[in-house]
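In: Quick one, what's the 3D model for this:
(2 chains)
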Amino acid sequence: MLRFLLRRIGLIVPTFIGVTFLSFMLIRLVPGDPIEVRAGEHGIPPERLAELRHEYGLDQPLWKQFLDYEKGVVTGGLGVSVVTRAPVWTEFTTLFPATLELALCAITLGLALGIPFGLIAAVRRGSAFDYGLMGLSMTGASMPIFWWGLMAILIFSVALGWTPVSGRISDMYYVEPWSGFMLIDSWFSDDKGAFASAVSHLILPAIVLGTRPMAVIARMTRSAMLDVLGEDYIRTARAKGLASWRVVIVHALRNALIPVVTVIGLQVGTLLGGAILTETIFSWPGVGHWLIESIQRRDYPVLQGGTLLVATLVIIVNLGVDMTYGFLNPRIRR
Amino acid sequence: MSDLDSTAGARSATAPMPNRYVLFWRSFAENRGAVVGLVVMIILIVLALVADIMVPHSPIEQFREAFLTPPVWQHGGSWNFILGTDDVGRDMFSRLIYGARLSLIIGVSVVTLSLICGTVLGLTAAFSGGVVDSFIMRIMDILLVFPSLLLAIVIVAILGPGLFNAMLAVAVTYLPGFTRLSRASALSELARDYVTATRCAGAGRAHLMFNTVLPNCMAPLIVQASLGFSNAILDAAALGFLGLGAQPPTPEWGTMLAGAMQYYQRAWWVLTFPGLFILITVQAFNLFGDGLRDALDPKLKR
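Out: Down below sits the predicted model:
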């Protein structure tokens, strides 16, 4: 297991260097000189420009600049936002819990509904439920989530007036940011209305973001269950006279979940991409919203650092999924 | 390949043996969803082709007396604008039909570009092996680490917003998929005897790559392309929605939604129809792609 782990980590290093190289190149490929971009629209005199170029090391050869950048990345120096003057790392860590909270609720929703639906569809294969569910999950997988979000607002916020349109919590409440998760923080706040407000703000974005994972998980659970239900050990279990729900839940589902775990891991990238759109529609103050704003404000250090951090996150999650998989299935540990 | 066809043809003269296209169609038509997808696809293609003669108005013409006119069946609607008008008085119906043309062009261009580049890269990696192989595949690994929408956004940030750049960006995000797939299928074909035989007959590398191996790798690539088509439309529309894709007044579905966001309280039709068209188009291509996969790959038969 240790060798497997070390080999897997060894494979990550070149990928990570490549990712930092791409993010390093980003700021050099956007039109305009990085310093002039940072100076904004006012412009700066040429002698000051040369001074600043030297200060930021931009008069150095490219490979040396890259080494310096790499050094900065390893020590957590990702540059400073042009707009807010705050370090990119600080901004990311403040906003990331909001994205994580949204993504976790979305994936929980996807699991809580996707697995039982897929399970029932597999057990009742060929029934109206099965056909209906597979049709729905196909629609879910084809859904343009930015439109789905707008429709959800149109129906639940505008027509029915059930949920608020944007933000994480009503302006009426002030919640001390302790964990960064609004649900937890508002639960422990003195004002009991705060928690209800946080839930009502979260529910719509979570449904919208969770729709696609739900569809994928339901389909995956169904096909994995169908594979497993055809196996000999299921027939044996049934022949032993075990209750049929016990065979399905204990014997079949446990084995069918292994491919589902992998699919959840693969959904992380999709989820983060979807978070960009969901956060934009619901003005959710998370990382996705922040990245889109950074483009509109031409805040390239933020785009550069934020992209790098998101990619790093995906690398770590993929590693985690591989580890879990290796743990569940010793055959692939070679 | 042509030898196969002629022997099959000779046999069918004596005994009624359906040719492989008929067999393919039978297995495809078993899947009702796939047939529905195909029908919707054909309708969309026809709409896109005849857009010029069938739409009542130009997609960018602004009718100053008719801002936010509701659809015809609603109070205040008019037959002049069947699906209503948008915030600057453009006919929704005309814009949606032109949007179909645009979306199909986006899908075809993105997938074609990505398919060609990916196949060339994948085959090169498979045939070269060693350093070239590792180099190409590591680059693909790096591209795969970025969530595809984020990668597309970053590329557009570098190139500047616009429909062409957005298409280019989306094409790059599909590159790893096609490259990996063509490399994997080429590697499994390379071990076969017929490749060795052709090589012994003195075929050059390019001939081996594109005439010998590629035709036998096509099935998974076609399936991936048909499924990628719908995602390409979806991603390009998402970029348009974020203001990074096609720019107004281009009648692109995602771009139309971006401008409509502020009217959610007053004009539901401006918000609803473009997304509905995206959903129907994407679903049609997904259903078709699924059917194609089942028909082309007997191993995955349900």
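In: Skipping its backbone neighbours, what lies nearest the residue nearest the centre of chain A in space?
Out: Nearest to the geometric centre of chain A sits A:L272, at 3.1 Å (C-alpha atoms, centre = their mean). Distances taken as C-beta to C-beta, 6 or more residues apart in numbering or on different chains put B:P147 closest to A:L272, at 4.5 Å, once the chain neighbours are dropped. All C-beta atoms are positioned from the backbone trio N, CA, C, and that covers glycine.
In: circling back: the residue nearest to the centre of chain A: what's it in contact with?
Out: A:T99, A:A103, A:G288, A:V310, A:L313, A:V314, B:P147, B:L150 (C-beta atoms under 8 Å, 6 or more residues apart in numbering or on different chains).
In: can you redo those residues as TSV with secondary structure and neighbour count?
Out: As requested, the contacts of A:L272 are arranged in TSV below (DSSP: H, G, I helix; E, B strand; the rest coil; neighbours: other C-beta atoms under 10 Å in any protein chain shown):
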residue	secondary structure	neighbour count
A:T99	helix	25
A:A103	helix	24
A:G288	helix	30
A:V310	helix	26
A:L313	helix	19
A:V314	helix	19
B:P147	coil	25
B:L150	helix	23
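In: which of these lies closest to A:L150?
Out: The closest of the contacts of A:L272 to A:L150 turns out to be A:G288 (C-beta to C-beta; 16.2 Å).
In: What separation is there between the closest one and chain B?
Out: 9 Å (C-beta to the nearest C-beta, to the nearest Å).
In: Which residue is the nearest non-sequential neighbour of that residue?
Out: A:I276 (3.5 Å).
In: What is the burial count for the closest residue to chain A within the stretch 201-302 of chain B?
Out: Residue nearest to chain A within the stretch 201-302 of chain B (C-beta to the nearest C-beta): B:G275, separated by 2.8 Å. By other C-beta atoms under 10 Å in any protein chain shown, 25 other residues sit near B:G275.
In: residues from the stretch 151-300 of chain A in reach of chain B?
Out: A:151, A:153-154, A:158, A:226, A:269-270, A:272-274, A:276-277, A:280-281, A:291-292, A:295-296, A:300 (C-beta under 8 Å from any C-beta of the partner chain).
In: Now list the buried members of the residues you listed.
Out: Buried subset of these (neighbour count, 16 or more other C-beta atoms under 10 Å in any protein chain shown): A:151, A:153-154, A:226, A:269-270, A:272-274, A:276-277, A:280-281, A:291-292, A:295, A:300.
In: so what's B:F277 up against?
Out: Contacts of B:F277 (C-beta under 8 Å, 6+ apart): B:L96, B:G99, B:A100, B:S103, B:W253.
In: picking up where we left off before, among the contacts of A:L272, which one lies nearest to A:L26?
Out: B:L150 (11.7 Å).
In: how much space between the closest one and chain A?
Out: 6 Å.
In: How much space separates that residue from A:I145?
Out: Counting by C-beta to C-beta, to the nearest Å, the separation of B:L150 from A:I145 is 15 Å.
In: Look at B:A66 and tell me its secondary structure.
Out: coil (DSSP: H, G, I helix; E, B strand; the rest coil).
In: can you check the one 4 residues further on too?
Out: Each residue gets one of three states, and B:P70 gets coil by three-state DSSP.
In: State whether it and B:R266 are indeed in contact, as I suppose.
Out: No. Assessed by C-beta atoms under 8 Å, B:P70 is found out of contact with B:R266, at 9.8 Å.
In: Please identify which of the two sits among more neighbours.
Out: B:P70 (19 against 11).
In: Dihedrals phi and psi, the more buried one?
Out: Dihedral pair for B:P70: phi -70, psi 170, per degrees, to the nearest 10.
In: same thing with the one 3 residues further on?
Out: Geometry field for B:W73 lists phi and psi as phi -80, psi -10, criterion degrees, to the nearest 10.
In: do A:V80 as well
Out: Torsion angles, degrees, to the nearest 10, at A:V80: phi -130, psi 140.
In: May I have the residues that are in contact with the closest residue to it other than its chain neighbours?
Out: Leaving out its chain neighbours, the residue that sits closest to A:V80 by C-beta to C-beta, 6+ apart is A:P87, at 5.6 Å. Applying C-beta under 8 Å, 6+ apart to A:P87 gives the contacts A:G77, A:L78, A:G79, A:V80, A:S81.
In: Repeat that for B:V111.
Out: Contacts of B:V111 by C-beta under 8 Å, 6+ apart are B:Y174, B:A225, B:G228, B:F229, B:A232.
In: Try it again at 10 Å.
Out: B:118, B:170-171, B:174, B:178, B:224-233 (C-beta atoms under 10 Å, 6 or more residues apart in numbering or on different chains).
In: Check the gap between A:R254 and B:V154 for me.
Out: From A:R254 to B:V154 the distance is 41 Å (C-beta to C-beta).
In: quick one, which of those two is more surrounded?
Out: More neighbours surround B:V154 than the other of A:R254 and B:V154, with 25 against 10 (other C-beta under 10 Å).
In: For the closest residue to that one other than its chain neighbours, pull up the helix or strand it's in.
Out: Distance criterion C-beta to C-beta, 6+ apart; nearest residue to B:V154, sequence neighbours excluded, is A:T307 at 5.6 Å. Element membership for A:T307, per DSSP states H and E: helix A:300-328.
In: same for that helix, what does it pack against?
Out: Packing partners of helix A:300-328 (3 or more C-beta pairs under 10 Å, 6 or more residues apart in numbering or on different chains; DSSP states H and E): helix A:2-29, helix A:34-39, helix A:62-74, helix A:88-123, helix A:254-281, helix A:287-296, helix B:130-145, helix B:148-159.
In: Show me where the stretch 1-150 of chain B has its helices.
Out: B:2-14, B:20-29, B:32-54, B:92-128, B:130-145, B:148-159 (DSSP state H, counting those that start in this stretch).
In: Pull out the buried positions in the third one.
Out: Taking 16+ other C-beta under 10 Å as the basis for neighbour counts, the residues of helix B:32-54 that come out buried are B:G33, B:A34, B:V35, B:G37, B:L38, B:V40, B:M41, B:L44, B:L47, B:A48, B:A51.
In: who's in contact with residue 264?
Out: No chain was given, so I picked chain A. A:107, A:110-111, A:114, A:213, A:216-217, A:220, A:257, A:271, A:317, A:321, A:324.
In: my question was about chain B
Out: A:L150, A:M151, A:I153, A:L154, A:S157, A:V158, A:V165, B:V270, B:L271, B:T272.
In: Please identify the residues of the stretch 51-200 of chain B in proximity to chain A?
Out: B:134, B:138-139, B:141-161, B:173 (C-beta under 10 Å from any C-beta of the partner chain).
In: which of the residues you listed count as buried?
Out: The buried subset of those (16+ other C-beta under 10 Å) comprises B:139, B:141-159, B:161, B:173.
In: Okay, now the unreliable bits of chain B?
Out: Where chain B drops to pLDDT under 70, the residues are B:1-17, B:297-302.
In: And chain A, by the same measure?
Out: A:1, A:31-44, A:56-57, A:328-334.
In: coming back round to it: which one of the contacts of A:I264 sits closest to chain B?
Out: Looking across those and measuring by C-beta to the nearest C-beta, the closest to chain B is A:L271, at 8.1 Å.
In: That closest one - nearest residue in space that isn't next to it in sequence?
Out: A:L271's closest residue in space is A:A103 (C-beta to C-beta, 6+ apart), at 5.2 Å.
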